[in-house]
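[1] requesting a structural model of the entry that follows:
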Amino acid sequence: MNRTLPAPWPELPTAAWRETYETLHLWTQIVGKVRLVRSPWLNHSWHVALYVTARGLTTLPIPDGTRSFQIDFDFIDHALKIWTSDGAMRQLALAGQSVASFYAAVMADLAELGIHIAINEMPNELPEPIRFSEDNRHASYDPGAVRRFFRILGNADRVLKQFRTGFLGKASPVHFFWGSFDLAVTRFSGRRAPRHPGGVPHLADDVACEAYSHEVSSAGFWPGSGVIEYPAFYSYAYPEPAGFRAARVRPEAAFFSEALGEFILPYDAVRTAAEPDQALLEFLQSTYEAAANAAKWDREGLECPLGRPGLVRKI
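    Model (predicted):
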């Protein structure tokens, strides 16, 4: 039987799924905050992130005394699933849920599983936040748009992981931050950074300062909002070294956004490229090189060729 496979890099204009995007963003914050309050602090807030799976996003196992539990967004069956290490499971449909009803359902399911937990109900990094338990405004779920978003996440995750293999120094996992709703990977020079000024909306300055305690080059994928009203890949350096924003980067569609202080590559430029993976890798590598060269990183000591399956890295 011939079956037409879905486009690996589908169209997803931000305006076409804005209400679903806003609702899903808040749902991921609820789940992410559950992981936050039960996980020991890990450098740069890595303990709060979600991870791309073959079906959606996951918290990975969260400690609960001597057992653990895990919360998964399944964007194929469009359900939230809570699993425990002793074999119990709860599930709720994603469609037809307001933020308030989703929050109540998640807390009720956790309590039924013997997991008694309280989270800060105020969303982070968003203007004009509404308490989760009071938010009946956000209640949209377009399964088709979410499925397309998930396909983009899966492919972005794959390419970002390939890019990560070319670095010997400290590097983050490829992970999804629910505060900013972006998939990111970060490389570190090994040097301390000046204290971050903070000022991120509805995010404690101490958190921002800890996240940017060391010099970084960071890149990822973001569905877009505000000054960039379309999905895009981004790359920035902190602290921004002199000459960084003037660097020539690839591919041709990439540009430096003065408003964001980051290099931007519109998602559609990748989606429509003859070789999307290669176009994205060019953006990731050239913007990293712009940061590393301008800040005089020890590139010889920090870099290596991209990894290949089954081949041991040569020493």
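
[2] now find how far off-centre stretch 260-269 is within its chain.
    15 Å (Cα atoms, centre = their mean, to the nearest Å).

[3] doesn't Met107 lie inside a helix?
    Yes - counting by DSSP: H, G, I helix; E, B strand; the rest coil, Met107 is located in a helix.

[4] that one: what's it in contact with?
    The contact partners of Met107, taken as Cβ atoms under 8 Å, 6 or more residues apart in numbering, are Ile117. In this view, the C-beta of every residue, glycine as well, is placed from N, C-alpha and C.

[5] what ranges does the stretch 151-300 of the chain have for its helices?
    205-211, 267-271, 276-294, 299-302 (DSSP state H, counting those that start in this stretch).

[6] so which bits of the shortest one are buried?
    In other words, helix 299-302. Across helix 299-302, burial judged by 16 or more other Cβ atoms under 10 Å covers Leu302.

[7] near the spatially closest residue to Arg192 that is not a sequence neighbour, how many other residues are there?
    Closest residue to Arg192 apart from its sequence neighbours, by Cβ to Cβ, 6 or more residues apart in numbering: His214 at 5.8 Å. For His214, the count of nearby residues is 16 (other Cβ atoms under 10 Å).

[8] what pLDDT is listed against His214?
    Confidence at His214, expressed as pLDDT, is 98.

[9] how about the strands in the stretch 151-300 of the chain?
    Secondary structure of the stretch 151-300 of the chain (DSSP state E, counting those that start in this stretch): strands at 175-177, 182-192, 214-222, 232-238, 255-257, 262-266.

[10] which one of the ones you listed lies nearest to Ala208?
    Ala208 lies closest to strand 232-238 among the strands of the stretch 151-300 of the chain, at 10.3 Å (Cβ to Cβ).

[11] which helices and strands sit right next to the closest one?
    Helices and strands touching strand 232-238, by 3 or more Cβ pairs under 8 Å, 6 or more residues apart in numbering; DSSP states H and E, are strand 214-222, strand 262-266, helix 267-271, helix 276-294.

[12] for that strand, buried residues please.
    Neighbour counts over strand 232-238 (16+ other Cβ under 10 Å) mark 232-238 as buried.

[13] columns pLDDT on top of these, output as CSV?
    Listed next are the buried residues of strand 232-238 as CSV, based on pLDDT from 0 to 100:
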residue, pLDDT
Ala232, 98
Phe233, 98
Tyr234, 98
Ser235, 98
Tyr236, 98
Ala237, 98
Tyr238, 98
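
[14] would you mind giving these as JSON lines with distance to Glu22 added?
    Formatted as JSON lines, those follow (distance: Cβ to Cβ, whole Å):
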{"residue": "Ala232", "distance to Glu22": "18"}
{"residue": "Phe233", "distance to Glu22": "21"}
{"residue": "Tyr234", "distance to Glu22": "20"}
{"residue": "Ser235", "distance to Glu22": "25"}
{"residue": "Tyr236", "distance to Glu22": "24"}
{"residue": "Ala237", "distance to Glu22": "29"}
{"residue": "Tyr238", "distance to Glu22": "27"}
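
[15] so which of those is the closest to Ala95?
    Nearest to Ala95 among these, counting by Cβ to Cβ, is Ala232 at 27.6 Å.

[16] by contact count, what packs against the one helix or strand Leu57 maps to?
    Using DSSP states H and E, Leu57 sits within strand 56-58. For strand 56-58, the packing partners by 3+ Cβ pairs under 8 Å, 6+ apart come out as strand 67-74.

[17] quick one: average confidence on the following helix or strand past the strand it packs on?
    Per DSSP H and E, the first helix or strand lying C-terminal to strand 67-74 is strand 79-84. In this model, strand 79-84 has an average pLDDT of 98.

[18] residues in contact with strand 79-84?
    For strand 79-84, the external contacting residues (Cβ under 8 Å, 6+ apart) are 27, 31, 64, 67-74, 89-94, 102, 106, 109-110, 113, 115.
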